[in-house]
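Participant: Requesting a structural model of the entry that follows:
(one chain, ligands or ions: 1)
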Amino acid sequence: MKMQDRGIIITGGASGIGAATVRRTVTEGARVIIADMHQEAGDALARELGSERCRFVQTDVASTDSVTALFREAADFCGVDGVFNNAGIGGQSMAVDYSDEDWQRVVEINLGGVFRVAREAMRHMQGKGGSIVNCASILGHFGQTQTAAYSAAKGGVINLTRTLALEGAGQGIRVTSLSPGYIATPLLDALDKDVLDFLTGLHPVGRLGTADEVANAAVFLLSDEASFITGVDLLVDGGFTAGKS
Ligand SMILES: NC(=O)c1ccc[n+]([C@@H]2O[C@H](COP(=O)([O-])OP(=O)(O)OC[C@H]3O[C@@H](n4cnc5c(N)ncnc54)[C@H](O)[C@@H]3O)[C@@H](O)[C@H]2O)c1
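Facilitator: Purely as a prediction, here's the structure:
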């Protein structure tokens with residue numbers, strides 16, 4: 001098993017990509033904290049996987065106090081060897097229609113949340129090392145109409161990752177990001193079917209990705225199999241960003 005008795009925190013672990021990664025890391029032998037706003041789904045997943053291996057901690061990554069409390073509980077339950085910094089929200093609007101509140105909410109969760117959680121993780125990993133995997137997006141690699149705040153935040157995650165990797169390298173702390181293409185999760189529920197069909201066609205492999213396929217990449221980056229990999233972004237996008245065919 002790749003992650004025997006490692007202590008792992010997964011933000012946004014109650015749904016979609018996060019929940020798939022919770023299942024994979026538990027299967028690989030880790031003890032896992034599900035950190036999410038969504039109490040009902042988080043509790044249900046933790047119950048299903050068993051209190052020995054998994055605990056839900058209600059967390060808002062937009063709040064420093066909440067993140068501090070999360071790490072306190074994780075230190076007690078399993079220690080902090082790895083973090084999948086995955087919590088995120090969408091946000092679709094033309095820039096001219098974006099309110100200050102919507103901009104702040106998307107950036108505060110998708111970029112500020114990643115920073116807040118990574119900062120606390122690095123404090124806990126000082127002197128013993130660890131792995132932090134930040135969830136970015138293909139939209140951090142290029143622009144797309146109606147995604148001003150989301151794509152700005154995800155581009156920020158990719159570059160934040162590089163700086164944190166440099167700051168953590170001397171401590172044995174690896175920091176990486178991954179960039180999913182469009183993945184079939186509840187995050188896409190807001191999109192109309194014709195938009196989804198259009199987006200599906202943009203993936204050269206001819207389909208959307210699955211949460212399990214992103215979880216596989218996250219587990220690899222969290223594990224020692226990625227021991228010489230830091231400061232990079234791994235695209236998990238079915239060829240979306242490779243070019244036009
Ligand atoms: N689904 C896609 O197509 C896709 C593509 C690229 C990147 N991503 C990224 O993958 C990550 C996971 O997305 P998903 O598709 O699994 O979505 P999802 O909506 O299924 O899961 C997101 C989870 O994050 C939680 N969350 C939201 N705000 C939070 C907060 N403030 N604090 C703690 N938890 C919070 C939600 O409760 C939810 O459980 C996100 O960062 C998203 O931007 C998704």
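Participant: surely residue 121 meets residue 71?
Facilitator: Yes. Using Cβ atoms under 8 Å, residue 121 is in contact with residue 71, at 7.4 Å. No exception for glycine: its C-beta is placed from N, CA and C like everyone else's.
Participant: most centrally placed residue in the chain?
Facilitator: Centroid-nearest residue in the chain: residue 86, 1.8 Å away (criterion: Cα atoms, centre = their mean).
Participant: For that residue, what are phi and psi?
Facilitator: phi -120, psi -10 (degrees, to the nearest 10).
Participant: wait, it sits on residue 135?
Facilitator: Yes. Between residue 86 and residue 135 a contact is recorded at 4.2 Å, counting by Cβ under 8 Å.
Participant: if I look at those two, which residues touch both of them?
Facilitator: Counting by Cβ atoms under 8 Å, 6 or more residues apart in numbering, the contacts common to residue 86 and residue 135 are 12, 17, 218.
Participant: and of these, the nearest to residue 187?
Facilitator: Proximity of the shared contacts of residue 86 and residue 135 to residue 187 was ranked by Cβ to Cβ; the top entry is residue 17 with 8.4 Å.
Participant: Tell me which helix or strand the closest one sits in.
Facilitator: Using DSSP states H and E, residue 17 sits within helix 16-27.
Participant: quick one: strands adjacent to the next helix or strand after that helix?
Facilitator: Going down the chain from helix 16-27, the next helix or strand is strand 31-36, by DSSP H and E. Strand partners for strand 31-36, identified by DSSP bridges, are recorded as strand 7-11 (parallel), strand 54-58 (parallel).
Participant: Going along the chain, name the strands of this structure.
Facilitator: Ranges of strands in the chain, per DSSP state E, are 7-11, 31-36, 54-58, 82-85, 130-135, 173-180, 233-236.
Participant: mind putting those in TSV, mean neighbour count, distance to residue 191 and mean pLDDT included?
Facilitator: As requested, the strands of the chain are arranged in TSV below (neighbours: other Cβ atoms under 10 Å; distance: least, Cβ to Cβ, whole Å; pLDDT from 0 to 100):
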stretch	mean neighbour count	distance to residue 191	mean pLDDT
strand 7-11	28	23	99
strand 31-36	28	22	98
strand 54-58	22	28	98
strand 82-85	29	24	98
strand 130-135	26	19	98
strand 173-180	26	15	98
strand 233-236	19	19	98
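Participant: what's the average pLDDT for the helix holding residue 17?
Facilitator: For helix 16-27, the mean pLDDT works out to 98.
Participant: what do you get for stretch 118-127?
Facilitator: In the prediction, stretch 118-127 has an average pLDDT of 98.
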